[in-house]
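# Sequence and predicted model, in that order:
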Amino acid sequence: MLRLLRYYAPYKKLLVLAILCNLLMSLFMIVSIPVLQPFLRILFNPNELSEEVTRSNALTDASGIRAIEQKLNGFFAGLIQQYGQEKALLIVCAFLVLTFFGKNLFRYLSLYFLAPVRNGIVRDIRLKLMRKILDLPLSYFSEKRKGDMMSRITADVQEVEFSIVSVVESVAREPIVIAGSLAFMIFVSPQLLVFVLGLMLFSGLIIGGIGRSLRRQSGEAQSRLGYIGALIEETLGGLRIIKGFNAEQWQQERFSRETARYVRTLTGLNRRKDLASPLSEFLGIAAVSVLLWFGARQVFAGEMSAATFITFLYAFYNIIEPAKQLSSASYSIRKGMGALERVEAVLHAPVSIRDGEQTLEIRDFTDKIEFRNVSFRYQNAEQPALENIQLVIPKGTMVALVGASGAGKSTIADLLPRFYDVTEGQIWLDGKDIRQFRLHDLRALMGIVSQDAILFNDTVRNNIMFSSETASEEELLAAARAANAHEFIQNLPEGYDTNIGDRGSKLSGGQRQRLTIARALLKNPPILILDEATSALDSESEKLVQAALETLLKNRTALVIAHRLSTVQHADEIIVLDQGRIVERGTHESLMQSGKVYRKLVELQAL
Ligand code: ADP
């Protein structure tokens, strides 16, 4: 609970207002209870009231609540004497309407003030989560499902929102209403109250038992739903492959197995939830019947007036709703706390790759990049992905990484911008370990063109300007031209302002690649990390992409994961990797003469 309170801090003023309104609301609600009594008395037996007033006025030692009752009774008796029965009734009714108007006005006002608080807190948490997702190292996500992440940022945060409201209401409203009604009941008949409390405890235990099993099942349902979300996302992302492999049936079956499990859990959950309301209504009416029987006997015995008894029932009725609310609030608060825990697990996850205490600024790359005896092992992996990598990339040269899939090419490329940190050894840039530099500065020196063109659901312009917002229109056009992209962009319906769809789905593969090349050209970084696309393009498109790449590579220092011979031939050094080790190195010519692995790779590709 205290943890949740932290999130309220920025909304103190609104929160105080909401609580204040809740207090006022409870006050009006409680006030309505004693007003009912004289109303009923006027209705049942108007003379009795005035007689009683005259009688009790004679006693002078009345004190405390009795005195208040007397005053009230006296006040109403006075009304009757002054205005006559009917008019007095009208006044009492008007008073009742007024108290209920006040109650509901403040109920609305408290929600009115609470609305910006709950939505604000939810926004704050979402912003924090997004910030954190952007900060966390890549290694965090390889282990966590995307669907799980999505469900944390949407469903769990929603869950927290519900408990935000519940906390305020259950702290500032329900207890006061309950206490007020209880006080009245004690005052009327402590004996009846004890009886009522016994009944409530009994029904509470039964309903509480159901609540507990509900909680367990709903947790299970939540995690099943998360898994379904992950499956849907996987399907949407992999549609091409699923269709291509005629695996629709297979995927459908996986999905239907998972949904069947969800349905089973959910059906059980629904049945139990649906039981709660009929059961509580039945228990309620049973309790009321017992109470009616018990109370009516007292009325018959002349120990209590009928009006008092009905008022007592009304007070009891006033407790039921808040008591229910309180129990469902405690349920939703606990659920919310569970959700908050899941959210905070992300928020508090350690960011292993970050700026150290003392960081060096770096504005430019002047000399060389060195991998010094670098080894790397992925978390939880048994084998190291890289072992003893020695590599020098002087400024202005291009080093190509080749090797079978899984040899460690991408891993080397990921170490340079510190997507992962080396396990052993060091990577130096201009004579200093890259971990000494400000992360932001280090990455500013690099441009990354990845294998699958990463594009965002936005306009062509924004996709190219991404990370170079300050670029001028001329620079944008120049970059697009140099990437052989200008022409096709102009032919799009709205030119540079055309939205390219989810992940650039409205563009061809070659067009997507040229867009990412234009993006890198616009950033104009001294160091380029290029993961060549493996997917085959038609020869026309291939030529355009190749030409764009050559422009991009010109005068730059580049680390290239090469899949095409044409790129490799231009490399100053070719590094041949196998199972995380460098097995051969040299130029294309020297390797063709003396290398074994390289020649084999080339021959395979030539087939
Ligand atoms: P390449 O790019 O040459 O195909 P990678 O650098 O992607 O090879 O992979 C090198 C090795 O590291 C492979 O054995 C691969 O299974 C493993 N690997 C890659 N990424 C991860 C990861 N996130 N977690 C654990 N192991 C990984």
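Good, I have the coordinates.
# going forward, measure contacts and count neighbours with C-alpha atoms only.
Will do.
# So Q358: helix, strand or coil?
Following DSSP: H, G, I helix; E, B strand; the rest coil, Q358 is assigned to coil.
# can you pull the contacts of it?
Q436 (CA atoms under 8 Å, 6 or more residues apart in numbering).
# likewise L283?
Applying CA under 8 Å, 6+ apart, we find L283 in contact with S203.
# tell me the SS of L401?
Applying three-state DSSP: L401 is strand.
# Do you know the pLDDT at it?
Note for L401: predicted pLDDT of 93.
# Tell me the bridge partners for it.
L401 has these beta-bridge partners by DSSP bridges: I561, I575.
# and it, how many neighbours?
By the criterion of other CA atoms under 10 Å, L401 has 26 neighbours.
# I figured it was touching D578, is that so?
No - L401 lies out of contact with D578 (CA atoms under 8 Å); the separation is 10.6 Å.
# Distance check, E584 against T498.
Using CA to CA, to the nearest Å, we find E584 at a distance of 46 Å from T498.
# quick one: P34 and T311 touch, right?
Yes - taking contacts as CA under 8 Å, P34 lies within contact range of T311: 7.3 Å.
# Strands of the chain, residue ranges please.
Assigned by DSSP state E, the chain shows strands spanning 368-376, 386-394, 398-403, 424-429, 432-433, 446-449, 527-531, 557-561, 573-578, 581-586.
# With distance to P493 as new columns, can these be given to me in JSON lines?
JSON lines is the format used below for the strands of the chain (distance: least, CA to CA, whole Å):
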{"stretch": "strand 368-376", "distance to P493": "44"}
{"stretch": "strand 386-394", "distance to P493": "43"}
{"stretch": "strand 398-403", "distance to P493": "38"}
{"stretch": "strand 424-429", "distance to P493": "45"}
{"stretch": "strand 432-433", "distance to P493": "48"}
{"stretch": "strand 446-449", "distance to P493": "26"}
{"stretch": "strand 527-531", "distance to P493": "30"}
{"stretch": "strand 557-561", "distance to P493": "34"}
{"stretch": "strand 573-578", "distance to P493": "43"}
{"stretch": "strand 581-586", "distance to P493": "48"}
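# In a markdown table, list the ones you listed along with distance to the ligand.
Shown next, in a markdown table, are those (distance: least, CA to the nearest ligand atom, whole Å):
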| stretch | distance to the ligand |
| --- | --- |
| strand 368-376 | 9 |
| strand 386-394 | 7 |
| strand 398-403 | 6 |
| strand 424-429 | 15 |
| strand 432-433 | 22 |
| strand 446-449 | 14 |
| strand 527-531 | 9 |
| strand 557-561 | 8 |
| strand 573-578 | 8 |
| strand 581-586 | 10 |
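# for the stretch 1-150 of the chain, which spans come out with low pLDDT?
Filtered on pLDDT under 70, the stretch 1-150 of the chain yields the residue ranges 1-2, 45-70, 72-73, 142-145.
# Quick check: residues of the chain near the ligand?
S142, Y378, A381, A385, S405, G406, A407, G408, K409, S410, T411 (CA under 6 Å from any ligand atom).
# are any of the residues you listed buried, and which?
Y378, A385, A407, G408, K409, S410, T411 (16 or more other CA atoms under 10 Å).
# okay, those residues in a markdown table with pLDDT next?
A markdown table is the format used below for those (pLDDT from 0 to 100):
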| residue | pLDDT |
| --- | --- |
| Y378 | 90 |
| A385 | 93 |
| A407 | 91 |
| G408 | 92 |
| K409 | 93 |
| S410 | 91 |
| T411 | 93 |
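# In helices, which of the residues you listed appear?
Among these, the ones falling in helices (DSSP state H) are K409, S410, T411.
# isn't the last one right up against I389?
Translated: T411. No - contact between T411 and I389 fails when scored by CA under 8 Å: they sit 11.4 Å apart.
# for this protein, what are the low-confidence residue spans?
In the chain (pLDDT under 70), the answer is 1-2, 45-70, 72-73, 142-145, 534-536, 606-607.
# Can you give me the distance of the residue nearest the centre of it to L20?
In the chain, the residue lying closest to the centroid (CA atoms, centre = their mean) is I153, at 1.9 Å. As judged by CA to CA, I153 and L20 stand 32 Å apart.
# just T498 next, same as before
Taking CA to CA as the criterion, T498 is separated from L20 by 52 Å.
# what's the answer for E344, then?
Applying CA to CA to E344 and L20 gives a distance of 30 Å.
# cool, and L205?
Using CA to CA, L205 is found at 32 Å from L20.
# Looking at those two, which is more packed in?
Between L205 and L20, counting by other CA under 10 Å, L20 is the more crowded of the two (17 against 11).
# List the contacts of the residue nearest to that one when sequence neighbours are not counted.
Among residues not flanking L20 along the chain, S110 sits closest, at 7.7 Å (CA to CA, 6 or more residues apart in numbering). Contact analysis of S110 by CA under 8 Å, 6+ apart lists L17, A18, I19, L20, C21, N22.
# In the stretch 151-300 of the chain, which residue sits closest to the ligand?
Here the residue of the stretch 151-300 of the chain nearest the ligand is E234; by CA to the nearest ligand atom that distance is 17.5 Å.
# Can you tell me how far that residue is from F255?
11 Å.
# Would you state the helices of the stretch 151-300 of the chain in chain order?
Ranges of helices within the stretch 151-300 of the chain are 157-172, 174-188, 190-237, 239-244, 248-300, based on DSSP state H, counting those that start in this stretch.
# What number of residues are in the vicinity of the residue nearest to L386 when sequence neighbours are not counted?
Counting by CA to CA, 6+ apart, G580 is the residue found nearest to L386 once chain neighbours are left out, at 4.0 Å. Other residues near G580 come to 24 when the count uses other CA under 10 Å.
# contacting residues for G580?
P384, A385, L386, E387, A407, G408.
# got the contact list for the fourth one?
Just to be clear, that refers to E387. N373, V374, S375, F376, G580, R581.
# Need the max-distance pair from those.
N373 and G580 (12.2 Å; CA to CA).
# circling back to that earlier point, kindly reformat the contacts of E387 as TSV containing distance to G396.
Formatted as TSV, the contacts of E387 follow (distance: CA to CA, whole Å):
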residue	distance to G396
N373	22
V374	22
S375	25
F376	26
G580	26
R581	25
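# Of these, grab the buried ones for ChimeraX.
To isolate the buried ones among the contacts of E387 in ChimeraX, judged by 16+ other CA under 10 Å, type:
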select :373,374,375,376,580,581
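# How about the backbone phi and psi for A471?
For A471, the backbone dihedrals are phi -60, psi 150 (criterion: degrees, to the nearest 10).
# meant to ask about G431
Torsion angles, degrees, to the nearest 10, at G431: phi 80, psi 10.
# again with T470
According to degrees, to the nearest 10, the main-chain angles of T470 amount to phi -80, psi 0.
# What of S405?
Torsion angles, degrees, to the nearest 10, at S405: phi -70, psi 140.
# i'd like the first residue to be 515 from this point on
Shifting the count to begin at 515 puts that one at S919.
# how about it, what does it touch?
Neighbour list for S919: empty [criterion: CA under 8 Å, 6+ apart].
# Buried residues in stretch 687-704, which are they?
Using 16+ other CA under 10 Å as the test for burial, stretch 687-704 gives 687-692, 694-696, 698-699, 702-703.
# Same check on stretch 957-967?
For stretch 957-967, a neighbour-count test (16+ other CA under 10 Å) marks R957, A958, L959, M960, G961, I962, V963, S964, D966, A967 as buried.
# wait, what's in contact with the last one?
What it means is A967. R1026, Q1027, T1030.
# OK, contacts around the first one?
Going by CA under 8 Å, 6+ apart, R1026 touches A967, L969, G1018.
# rerun that using 10 Å as the cut-off
If you count contacts by CA atoms under 10 Å, 6 or more residues apart in numbering, R1026 has them with D966, A967, I968, L969, A999, I1014, R1017, G1018, S1019, K1020, A1032, V1059.
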